[in-house]
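1. the sequence isn't on hand, but the structure is:
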C-alpha cells in the first residue's frame with residue numbers, strides 16, 4: 001500500500017498552496033466515504049466478525065487522519 005506524503009512535504013514542493021489544500025480536501029472526502037461504507041457494511045451485518053474488526057481498526061485510523 002502506498003503511503004501518502006505528509007501535507008508539509010507538499011507545501012515544501014513547487015505546488016501552489018491552493019492546489020495543496022484542494023488535494024487535502026479531496027483526501028478528506030475520500031476518507032469520509034470509506035468511513036461511511038464501513039459503517040453501512042457493519043450496520044447491515046454483511047461482514048464476518050474478523051472483517052468487521054479489521055475494518056473498525058481502519059475506520060478509526062481514517063477518522064484520526066481526517067481530524068488532523
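-> Perfect, thanks for sending it. In this text the structure is predicted, and so the values were computed from the model without any measurement. Numbers count the residues shown, from 1 in each chain.
2. tell me how far stretch 17-37 is from the chain's mean position?
-> Averaging C-alpha positions (C-alpha atoms, centre = their mean, to the nearest Å) puts stretch 17-37 8 Å from its chain's average.
3. now do the buried residues in it.
-> 20, 31, 34-35 (16 or more other C-beta atoms under 10 Å). Quick note: C-beta positions are derived from backbone N, CA and C, even for glycine.
4. then stretch 44-52?
-> Within stretch 44-52, the residues that qualify as buried are residue 52, counting by 16+ other C-beta under 10 Å.
5. how about residues contacting it?
-> Applying C-beta atoms under 8 Å, 6 or more residues apart in numbering, the contact partners of stretch 44-52 are 41-42, 55.
6. how many neighbours does residue 63 have?
-> By the measure other C-beta atoms under 10 Å, the count of residues near residue 63 is 13.
7. what's the closest non-adjacent residue to it?
-> Nearest non-adjacent residue to residue 63, counting by C-beta to C-beta, 6 or more residues apart in numbering: residue 35, 6.2 Å away.
8. and the average pLDDT for stretch 35-55 is what?
-> For stretch 35-55, mean pLDDT is 79.
9. ok, of the buried residues of stretch 17-37, which one's closest to residue 64?
-> residue 31 (9.8 Å; C-beta to C-beta).
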